Structure formats: structure tokens, C-alpha cells
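Engineer: need the 3D shape of this:
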Amino acid sequence: MVENLNSKFKKANAQVKGSSLSSEGNFKPSTFAPVHESKTAPVQSQLDKVLPMIIGSSYLLMAVEQQESTDPKTGEVQIASVYTLRVISRKARAFRDLIQIKVKNAKPVINEEELDKVLLQQAKPIILRFEDIAHYAYMGGETLNASKAERLNVSVQEAMNHE
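Structural biologist: Next up is the predicted model:
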């Protein structure tokens, strides 16, 4: 009888531990593109190395825009998604700042109706992560690009406290 209760307790305890860790298992941080040393822009390449420390790796979606452009040579229409995000990684230097990340050759991971529901607080906030985030500085500006955007099934609080 005692052994039977012991095994039931162990199973229940494992389930509780498993459920408390399940949200952490859903958290998958963004990845960053490797930074190559540059002889023409050595300071910029050193700054790019600390990009993860500056913007963190999880973001709250604020807006998304799909851009279309036509290649002048081929006439092919190319699409890109531009995400406006709030940095929610507590340890990030840009915590609470708004940033934009562009993903080329990809449609948005969310449609307008779903984003409207989030803005009207009829749906939970959307947390995003990105693959291969890279910073580019060019004459008079800068941009953040990524190869892929992905939704995370975690709460804002979990994403904020993860890092």
C-alpha cells in the first residue's frame, strides 16, 4: 500500500515539475548571424558582436508590414516582412525600445485580423524570435535583417524573465 502511494506521489510530482518546465521548453531564443571582421569598418564589426547583448533575443510584436518590390532586371516581384517589435529581454540594453527587423522572401507570420485582436486585447500578445539576426550599417542608416521569423508559445512574462 505504501509503495503504491509512493509511486503515485512520484508520478504526480514529476507531472507538476514537467508542467512548470513546459513553458520554458517552449522558449527558444533568437539566433544571430556570425560577425566577420572588417578591415574597412573595424569599429562597426566590434559593435555588431555585442548585438545580442543590446537587443536580447525575444520580442513583443507591435506591427507588421508586407513590402513588395519588383526586380528591375527580371521583373520578379519580391516580398519582405518588416516587423516592428518591442525588446522585452530584461537584460538587453535596449529593453522596452522599439526596433524593426526585416525578413526577406517571407510573408508575415501573422495576419492583420489576428494583430487587430491582439491590439484590442481579444487575444494574447505575440512573442517572436528570429533566425540569423544581422545588423547592417550603410550610408546614413542601419537595418536589422533576419532569415526567418517564428512565433513562440510563451507569455510576455516568461519571455521577459527567461534571459
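Engineer: please compute how far stretch 52-70 lies from its chain's middle.
Structural biologist: 7 Å (CA atoms, centre = their mean, to the nearest Å).
Engineer: then stretch 73-84?
Structural biologist: In terms of CA atoms, centre = their mean, the centre of stretch 73-84 is found 21 Å from the chain centre.
Engineer: so for that stretch, what gets flagged as buried?
Structural biologist: Across stretch 73-84, burial judged by 16 or more other CB atoms under 10 Å covers 80-83. Using the backbone N, CA and C atoms, a C-beta is placed for each residue, glycine as well.
Engineer: just name the closest of these to Glu65, please.
Structural biologist: Val82 (4.7 Å; CB to CB).
Engineer: wait, the closest one sits on Gln100?
Structural biologist: Yes: checked against CB atoms under 8 Å, the pair Val82 and Gln100 is within contact range at 5.8 Å.
Engineer: follow-up on the earlier one: including secondary structure, pLDDT and distance to Gly140, could the buried residues of stretch 73-84 go into CSV?
Structural biologist: As requested, the buried residues of stretch 73-84 are exported to CSV (DSSP: H, G, I helix; E, B strand; the rest coil; pLDDT from 0 to 100; distance: CB to CB, whole Å):
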residue, secondary structure, pLDDT, distance to Gly140
Ala80, strand, 95, 20
Ser81, strand, 96, 24
Val82, strand, 96, 18
Tyr83, strand, 96, 22
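Engineer: which residue is nearest the middle of the protein?
Structural biologist: Residue closest to the average C-alpha location in the chain (CA atoms, centre = their mean): Arg129, at 2.0 Å.
Engineer: how near is that residue to Val154?
Structural biologist: 10 Å (CB to CB, to the nearest Å).
Engineer: beta partners of the residue nearest to the centre of the chain?
Structural biologist: In this structure, Arg129 bridges to Glu150 when assessed by DSSP bridges.
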